[in-house]
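Engineer: A structural model of the following input is requested.
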Amino acid sequence: MDGNGERLRFACSRGRRLAMLVAAGVLAAAAVGAVLPGWYAAAVPAALAAAGLGAAGLLAPSPVLEVDGVEFRYTHGRYLLRRPFEEIGAYRIVRGRTRSLALYDYRGRPMAFPSLKNRRATRPYLPLTRGTRVAEVERFMALAGIAPRHQMLAADGD
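Structural biologist: Reported below is the predicted structural model:
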C-alpha cells in the first residue's frame, strides 16, 4: 500500500466470455438463416438471440479484488470474502484453464476459503477468469504490498 489508506481495486476481465457468447449468437443466427427461407425471416430472431447472449455475458459477474489498509476483499457475484490485510503474507497465481489466486499466511500455510457454490467445504484458492492477465494481477498485488510466494520463501532462507 502507499500508506495513505487508498483503496486499490482490480476487476478481472470478462472479454473472452462475452466474445464467446456473441460468437454463439452469430452462429445461431447463421443456423436459423440457413434453415428458414429468406434472410428477413431469420434477421429478427437472430438479432434477438445475439442481443440476449450478449446481455447474458454483460450480466455475468466477474471477480473483483479490493485492498485497503485494513482488509482484503474478493467479490464474485453475491459471494464476498473478507480477510484482515495483516493475515496475508504472500500470494500465488494458479495457472490453468481458469486462473486462480492462492493466498498464504506469514508462515507459508495456504489459506482456506468457503466454496463459491457450496459444492465442498473449503477451497485453497479464489477463482479468477480465463481472460485475466497474470501480469495485471502481479502488478495489483505489488501495489497492495503482498509479495509472491516464491519471494516470501526466499526471504525465509536468509
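
Engineer: Do I have it right that Thr98 meets Pro127?
Structural biologist: Yes - if you go by CB atoms under 8 Å, Thr98 and Pro127 touch, sitting 5.8 Å apart. Where you see a C-beta, it was placed from the backbone N, CA and C, and this is true even at glycine.

Engineer: These two: who's more crowded?
Structural biologist: Taking neighbours as other CB atoms under 10 Å, Thr98 and Pro127 compare with Pro127 leading, 19 against 12.

Engineer: What distance do you get for the more buried one to Asp68?
Structural biologist: Distance of Pro127 to Asp68, given as CB to CB, to the nearest Å: 22 Å.

Engineer: Touching, Arg92 and Pro148? I think so.
Structural biologist: Yes - using CB under 8 Å, Arg92 is in contact with Pro148, at 6.8 Å.

Engineer: got the residue ranges for the strands in the protein?
Structural biologist: 8-11, 64-67, 71-76, 79-84, 90-94, 100-104, 113-114, 122-123, 126-127, 147-148 (DSSP state E).

Engineer: in the second one, what's buried?
Structural biologist: Of the residues in strand 64-67, those buried under the neighbour-count criterion (16 or more other CB atoms under 10 Å) are Leu65, Glu66, Val67.

Engineer: go on, the first one?
Structural biologist: Judged by neighbour count using 16+ other CB under 10 Å, the buried positions of strand 8-11 are Leu8, Phe10.
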